[in-house]
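K.L.:
I'd like to go over a predicted model; first the sequence, then the structure.
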Amino acid sequence: MQKKALIITYYWPPAGGPGVQRWLKFVKYLPDYGIHPIVYIPENPSYPLLDESLMDEIPENVTILKQPIKEPYKFAEFLSKKSSQTISSGVIPKKKKQSLIQRLMLYVRGNYFIPDARKAWVNPSVTYLSEYIQKENIKTVITTGPPHSLHLIGLQLKSKLEIQWIADFRDPWTTIGYHKKLKLSENVAKKHEQMEKQVLTTADHVTVTSENTKKEFESKSKQPITVITNGYDYQQLLKVTKDLKFSLAHIGSLLSERNPKVLWKVIGELIDKYEDFKQEFVLRLIGVVSTDVLNEIQQYIPEKNIELIGYVNHKEALKSQRHAQLLLLIEIDSEDTKAIIPGKLFEYMVAETPIISVGPHDSDVERIIKSTNTGRYFYYDAEDELREHLLSRFKDFKNSALTSFPIGLQQYSRKALTKKLAELI
């Protein structure tokens with residue numbers, strides 16, 4: 001007889017973006033390990049990105065529960081639909097360039113919706129799920145955040161019922177860069193820290209996506225913490241013809257501070273210096289790009305060497321990864337972002353395409369790229385190293401020798417990662 005696990009998540013198809021992938025894949029493979037997943041989601045969510053193609057990946061045998069949610073973003077759209085969608089997707093303009101409406105939205109979001117804009121879903125969910133859990137004799141409840149308000153559902157359920165509660169953190173809580181831009185008052189910042197500590201010390205088990213997040217949380221709680229990274233799915237590996245251009249492709253959101261000026265500068269210099277590089281090179285940006293980043297890029301790189309594709313669904317993103325000659329991965333140069341591992345990294349690693357990554361010192365991304373031999377990692381001041389590497393890769397491209405030789409990728413397959421989760425359940 002299969003065990004039952006109740007999974008409380010906000011992001012679920014047709015939501016697009018990386019937040020939906022993790023639990024969609026766990027749900028896909030949990031039945032292989034004797035666990036029947038029951039997924040609890042909002043009935044009427046306000047998703048900043050949609051990807052209808054992901055609906056096809058929902059397993060037929062999964063149980064889906066839905067309850068209504070009241071969200072402020074829908075009301076905020078009356079003030080400014082564009083600003084509301086931008087902020088809800090995590091793309092926050094630099095402070096100096098924020099409009100009055102954007103500053104107001106950030107202040108209200110940060111100080112009146114604690115811990116986040118989905119807080120109104122907590123109490124109705126606890127009422128509904130308390131009865132359901134007892135009726136169905138469910139022993140394990142899993143909450144995944146962000147939004148971290150979902151952990152408050154788990155916290156209340158744990159206080160009322162005899163259950164095992166696993167709190168899954170796809171991102172950190174109080175130390176993530178986005179959190180610091182919400183213009184929080186001192187009292188509100190303390191409330192977040194108290195909520196975070198309460199969740200970390202009450203959950204029976206905490207799962208995180210990176211070693212750096214584990215280290216952070218171990219200083220705040222003595223509860224067991226397990227790293228289960230994101231990963232890639234074997235069934236989605238595609239054969240795609242390589243680009244005839246020397247293409248460097250970034251897939252996903254480029255936030256305002258994901259902006260390595262040194263890279264744009266080096267590319268611009270190579271375009272100016274080498275005619276063949278100028279004719280062959282293209283920077284392909286697929287996804288939401290901050291105006292701040294785009295303006296910076298255009299200062300160095302001619303428009304004819306830039307392709308702006310915009311947001312594409314997940315299947316198209318996978319094709320783009322394999323079509324490109326090089327894949328670009330960028331993280332903000334900050335102590336707070338060392339623990340961030342974008343979900344696309346694992347898809348990049350199996351795309352048979354070398355990675356160029358720029359980010360902070362001592363990051364989990366740096367460790368993974370080096371240990372799997374899937375590319376090169378650079379810091380924000382590595383001008384000479386970037387120039388040398390791009391020229392070397394361009395030479396390989398001209399000689400039809402530009403390829404990737406990864407090692408040890410099996411541990412990051414979605415099925416192997418789900419086995420790790422199943423052992424906790």
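P.N.:
Received, thanks.

K.L.:
What sits closest to residue 137 if chain neighbours are left out?
P.N.:
Distances taken as Cβ to Cβ, 6 or more residues apart in numbering put residue 4 closest to residue 137, at 7.4 Å, once the chain neighbours are dropped. All C-beta atoms are positioned from the backbone trio N, CA, C, and that covers glycine.

K.L.:
Doesn't that neighbour belong to a helix?
P.N.:
No. Counting by DSSP: H, G, I helix; E, B strand; the rest coil, residue 4 is located in no helix; its state is strand.

K.L.:
Now do the end-to-end distance for stretch 200-219.
P.N.:
Using Cα to Cα, to the nearest Å, one end of stretch 200-219 lies 10 Å from the other.

K.L.:
for stretch 271-286, how far is the first residue from the last?
P.N.:
21 Å.

K.L.:
residues in contact with it?
P.N.:
By Cβ atoms under 8 Å, 6 or more residues apart in numbering, the residues outside stretch 271-286 that reach it are 243, 245-252, 254, 267, 270, 294, 297, 301-302, 305-312, 317, 320, 324, 394, 397-398.

K.L.:
Mind checking which of those land in strands?
P.N.:
246-251, 306-308 (DSSP state E).

K.L.:
wait, which of those is closest to residue 26?
P.N.:
Nearest to residue 26 among the ones in strands among the contacts of stretch 271-286, counting by Cβ to Cβ, is residue 251 at 22.3 Å.

K.L.:
As a quick check, tell me the outermost residue of this structure.
P.N.:
In the chain, counting by Cα atoms, centre = their mean, residue 275 sits farthest out from the average C-alpha position, at 37.4 Å.

K.L.:
Which pLDDT value belongs to it?
P.N.:
What the model reports as pLDDT for residue 275 is 97.

K.L.:
And it, how far from residue 244?
P.N.:
To residue 244, residue 275 is 17 Å away according to Cβ to Cβ, to the nearest Å.

K.L.:
Name the SS class of residue 10, please.
P.N.:
Of the three states, residue 10 takes coil under three-state DSSP.

K.L.:
That one and residue 20, how far apart?
P.N.:
Using Cβ to Cβ, residue 10 is found at 9 Å from residue 20.

K.L.:
same thing with residue 7?
P.N.:
12 Å.

K.L.:
and what of residue 331?
P.N.:
Applying Cβ to Cβ to residue 331 and residue 20 gives a distance of 21 Å.

K.L.:
ok, now residue 261?
P.N.:
32 Å.

K.L.:
in the sheet, who's paired with the closest residue to residue 378 other than its chain neighbours?
P.N.:
Leaving aside its sequence neighbours, residue 378 sits nearest to residue 358 (Cβ to Cβ, 6+ apart; 5.1 Å). According to DSSP bridges, the partner residues bridging residue 358 are residue 330, residue 378.

K.L.:
Run a quick check on residue 358 versus residue 337, I expect a contact.
P.N.:
No. If you go by Cβ atoms under 8 Å, residue 358 and residue 337 don't touch, sitting 11.5 Å apart.

K.L.:
Name the residues contacting each of the two.
P.N.:
Counting by Cβ under 8 Å, 6+ apart, the shared contacts of residue 358 and residue 337 are residue 331.

K.L.:
For residue 293, the count of nearby residues, please.
P.N.:
23 (other Cβ atoms under 10 Å).

K.L.:
how much space between residue 246 and residue 416?
P.N.:
34 Å.

K.L.:
residues of stretch 300-307 that come out buried?
P.N.:
By neighbour count with 16 or more other Cβ atoms under 10 Å, stretch 300-307 contains the buried residues 300-301, 305-306.

K.L.:
Pipe those into CSV and attach pLDDT and distance to residue 282 per row.
P.N.:
CSV is the format used below for the buried residues of stretch 300-307 (pLDDT from 0 to 100; distance: Cβ to Cβ, whole Å):
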residue, pLDDT, distance to residue 282
300, 97, 14
301, 98, 10
305, 98, 6
306, 97, 7
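
K.L.:
Distance to residue 153 for those - can I get that in TSV?
P.N.:
Below are the buried residues of stretch 300-307 laid out as TSV (distance: Cβ to Cβ, whole Å):
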residue	distance to residue 153
300	47
301	46
305	48
306	44
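
K.L.:
From these, pick the one nearest residue 129.
P.N.:
residue 306 (48.2 Å).

K.L.:
Verify the stated contact: the closest one with residue 297.
P.N.:
Yes. If you go by Cβ under 8 Å, residue 306 and residue 297 touch, sitting 6.7 Å apart.

K.L.:
Now do the same contact list for residue 338.
P.N.:
For residue 338, the contacting residues are 212, 360-364, by Cβ under 8 Å, 6+ apart.

K.L.:
so where's the stretch 201-350 of the chain shaky on pLDDT?
P.N.:
Scanning the stretch 201-350 of the chain with the threshold set as pLDDT under 70 gives 235-238.

K.L.:
residue ranges for the helices of it, please.
P.N.:
211-218, 261-273, 275-280, 291-300, 314-323, 344-349 (DSSP state H, counting those that start in this stretch).

K.L.:
tell me the most buried of the ones you listed?
P.N.:
helix 344-349 (a mean of 25; mean count of other Cβ atoms under 10 Å).

K.L.:
tell me what it is packed against?
P.N.:
If you count contacts as 3 or more Cβ pairs under 8 Å, 6 or more residues apart in numbering; DSSP states H and E, helix 344-349 packs onto helix 314-323, strand 326-330, strand 355-358, helix 364-372.

K.L.:
Any idea which of the ones you listed gets closest to residue 175?
P.N.:
helix 364-372 (14.0 Å).

K.L.:
and that closest one, how far out from the chain's middle?
P.N.:
With Cα atoms, centre = their mean, to the nearest Å as the basis, helix 364-372 stands 17 Å off its chain's centre.

K.L.:
For that helix, list every residue counted as buried.
P.N.:
By neighbour count with 16+ other Cβ under 10 Å, helix 364-372 contains the buried residues 364-369, 372.

K.L.:
I'd guessed residue 5 sits against residue 35; true?
P.N.:
Yes. Residue 5 is within contact range of residue 35, at 5.3 Å (criterion: Cβ under 8 Å).

K.L.:
list the residues that contact both of these two?
P.N.:
With Cβ under 8 Å, 6+ apart as the test, residue 5 and residue 35 both reach residue 425.
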